[in-house]
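Quick one, fold the following:
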Amino acid sequence: PEEKLNLDDSQWEDIHVVTGALKMFFRELPEPLFPYCFFEQFVEAIKIQDNAARIKSIRNLVKKLPRPNYDTMKILFEHLKKIAAKESVNLMSTQSLGIVFGPTLLRPEKETGNMAVHMLYQNQIVELMLSEYSKIFGS
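Presented below is the predicted three-dimensional model:
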């Protein structure tokens, strides 16, 4: 059954409620927005030293994603880029957004001992995709 939301309800005035709902939606998906089978490939891509090669590798991986994942990701990152553009007001830089959304959008299927290392890469991947949005999602 489809739930009807009243966005005029005062609870939605608090941006943290909206952000929490968005993050919960992505966390509750049966599989993350970045499918499990892509996790290691994205991690390997972010480790590439040459910036141009790193961007190209991420772009190629993004293009291989299932269409619904790609379309959702493109819209989400476009929105997050708008948030980062208003960093002077909201204090949310691409780095902050990477920290907030990285582990929600991108995670390994099996949590292993190197969670701290994974978290660093998760954040960096989201950050790169925001800062290089046009190169990654552009035609």
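
So the residue lying closest to Leu106 once chain neighbours are set aside: helix, strand or coil?
Ranked by CB to CB, 6 or more residues apart in numbering and with sequence neighbours excluded, the top spatial neighbour of Leu106 is Phe34, at 4.1 Å. Backbone N, C-alpha and C define where each C-beta goes, glycine included. At Phe34 the chain is in coil, as set by DSSP: H, G, I helix; E, B strand; the rest coil.

Show the contacting residues for Phe34.
Each residue near Phe34 by CB atoms under 8 Å, 6 or more residues apart in numbering is listed here: 42, 65, 69, 73, 105-106, 125.

can you name the two of these that are farthest apart?
Distance extremes for the contacts of Phe34: the farthest pair is Asn69 and Ile125 at 14.2 Å, using CB to CB.

Can you pick out the residue with more neighbours from the two?
Ile125 (24 against 18; other CB atoms under 10 Å).

The more buried one contacts Ile99, correct?
No: under the criterion of CB atoms under 8 Å, Ile125 is not in contact with Ile99, lying 11.8 Å apart.

the longest helix in this structure is where?
helix 67-85 (DSSP state H).

Could you list the low-confidence segments of this protein?
With pLDDT under 70 as the threshold, the chain has low-confidence stretches at 1, 5, 7, 11-13.

make it 90
Within the chain, the ranges that satisfy pLDDT under 90 run 1-21, 90-91, 110-120, 139.

all helices of it, in order?
With DSSP H as the criterion, the chain has helices spanning 15-28, 39-46, 51-64, 67-85, 87-90, 94-105, 115-131, 133-137.
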